[in-house]
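Enquirer: Predicted model, plus sequence, below.
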Amino acid sequence: MDESPELVSLRNGTKVTIRPMVAGDGPALLSFFRGLPEEDRQFLRDDVTRPEVVERFVAKLDDDSVIPLVAEHEGRLVGDGTLHRTRHGWAVHVAALRVVVDREFQRSGLGTALAHQLVRRAVGLGLDKLVAEVVDNQIGARRAFEKLGFHQEATLKGHVKDIHGAKHDLVIMANDVSHIWERMEALVADYSPTAGD
Ligand SMILES: CC(C)(COP(=O)(O)OP(=O)(O)OC[C@H]1O[C@@H](n2cnc3c(N)ncnc32)[C@H](O)[C@@H]1OP(=O)(O)O)[C@@H](O)C(=O)NCCC(=O)NCCS
């Protein structure tokens with residue numbers, strides 16, 4: 001599988017490198033997560049502002065059930081995207097996709113570019129189905145996944161507690177990889193990979 005970094009031009013012309021996460025990314029990853037507004041991190045599964053949580057992510061780099069990518073701009077991390085799969089059992093064909101983008105870089109195609117790379121890796125691994133878990137009021141995230149061809153497949157009522165203790169429904173969005181790939185091709189005009197520049 002192609003693990004080389006990809007230089008992408010975002011919609012506003014900014015260039016960002018998307019590459020696999022490496023062991024030395026810990027401190028930059030922690031600053032990235034700590035720089036997210038509460039609104040953007042309140043529904044992330046883990047409390048990513050805690051150093052031990054981020055250290056755990058970096059320590060898992062040799063675990064082939066997680067494929068972590070980062071987006072880098074001028075030496076700082078501005079995006080994070082991961083593919084999570086189970087290696088045994090009845091859901092070996094399924095992976096979960098998670099994407100977070102720095103506020104300053106949102107709405108310029110970076111979330112789509114990270115998702116694009118993860119889908120490419122999922123296809124390479126022979127996975128059939130991708131899911132994304134979004135909390136009911138994360139309208140932007142829902143819209144972003146819908147644009148990639150995901151549909152709402154299930155709702156788990158009151159499944160998530162935000163950092164203030166309020167419960168929310170968790171929406172499971174899903175799509176099969178081949179279908180997503182067709183949508184990706186259509187969206188490719190939103191950003192242009194310039195690998196090798
Ligand atoms: C979801 C997220 C990763 C999208 O990243 P992004 O870089 O803004 O995504 P893109 O620029 O590729 O946007 C793709 C499409 O999603 C939709 N979208 C993204 N943010 C939106 C918002 N705030 N409101 C409405 N639609 C939105 C738009 O349709 C957009 O296309 P357009 O700009 O051409 O209209 C980003 O909003 C984020 O980090 N949110 C917080 C973390 C999160 O909720 N992650 C999802 C759970 S895994």
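Expert: Received the coordinates, thanks. Numbering: from 1, shown residues only.
Enquirer: Looking only at the helix or strand harbouring residue 16, what residues are buried by neighbour count?
Expert: Taking DSSP states H and E as the definition, one finds residue 16 inside strand 15-20. For strand 15-20, the buried set under the neighbour-count rule, 16 or more other C-beta atoms under 10 Å, comprises 16, 18-19. Placement of C-beta: from N, CA and C, glycine included.
Enquirer: Residues touching that strand, excluding its own?
Expert: Outside strand 15-20, the residues that touch it by C-beta atoms under 8 Å, 6 or more residues apart in numbering are 3-10, 67-73, 78-79, 81, 105, 110, 113-114, 117, 194, 197.
Enquirer: Could you measure from residue 84 over to the ligand?
Expert: Distance of residue 84 to the ligand, computed by C-beta to the nearest ligand atom, to the nearest Å: 11 Å.
Enquirer: With adjacent residues omitted, what lies nearest to that residue?
Expert: Distances taken as C-beta to C-beta, 6 or more residues apart in numbering place residue 96 nearest to residue 84, at 4.5 Å, with adjacent residues excluded.
Enquirer: can you count the residues close to the one you found?
Expert: 18 (other C-beta atoms under 10 Å).
Enquirer: wait, what's in contact with it?
Expert: 83-85, 130-133.
Enquirer: Which members of those residues are positioned in strands?
Expert: Of those, the ones assigned to strands by DSSP state E are 83-85, 130-133.
Enquirer: would you list the contacts of residue 96 in a markdown table and tack on distance to residue 170 and pLDDT?
Expert: As requested, the contacts of residue 96 are exported to a markdown table (distance: C-beta to C-beta, whole Å; pLDDT from 0 to 100):
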| residue | distance to residue 170 | pLDDT |
| --- | --- | --- |
| 83 | 19 | 95 |
| 84 | 15 | 94 |
| 85 | 19 | 94 |
| 130 | 16 | 95 |
| 131 | 11 | 96 |
| 132 | 11 | 95 |
| 133 | 6 | 94 |
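Enquirer: Which of those sits closest to the ligand?
Expert: Nearest to the ligand, judged by C-beta to the nearest ligand atom, of those is residue 132 at 5.4 Å.
Enquirer: Name the nearest residue to residue 69, ignoring sequence neighbours.
Expert: Closest to residue 69 by C-beta to C-beta, 6+ apart is residue 81, at 4.7 Å.
Enquirer: what's near enough to touch residue 92?
Expert: Neighbour list for residue 92: 85-86 [criterion: C-beta under 8 Å, 6+ apart].
Enquirer: what's the distance between it and the ligand?
Expert: Taken as C-beta to the nearest ligand atom, the span from residue 92 to the ligand is 21 Å.
Enquirer: and what of residue 22?
Expert: Going from residue 22 to the ligand by C-beta to the nearest ligand atom gives 21 Å.
Enquirer: And for that residue, the neighbour number?
Expert: Residue 22 has 11 nearby residues by other C-beta under 10 Å.
Enquirer: thinking it is in contact with residue 68, fair?
Expert: No: contact criterion C-beta atoms under 8 Å: residue 22 and residue 68 do not qualify, at 9.5 Å.
Enquirer: No further queries at this time; thank you.
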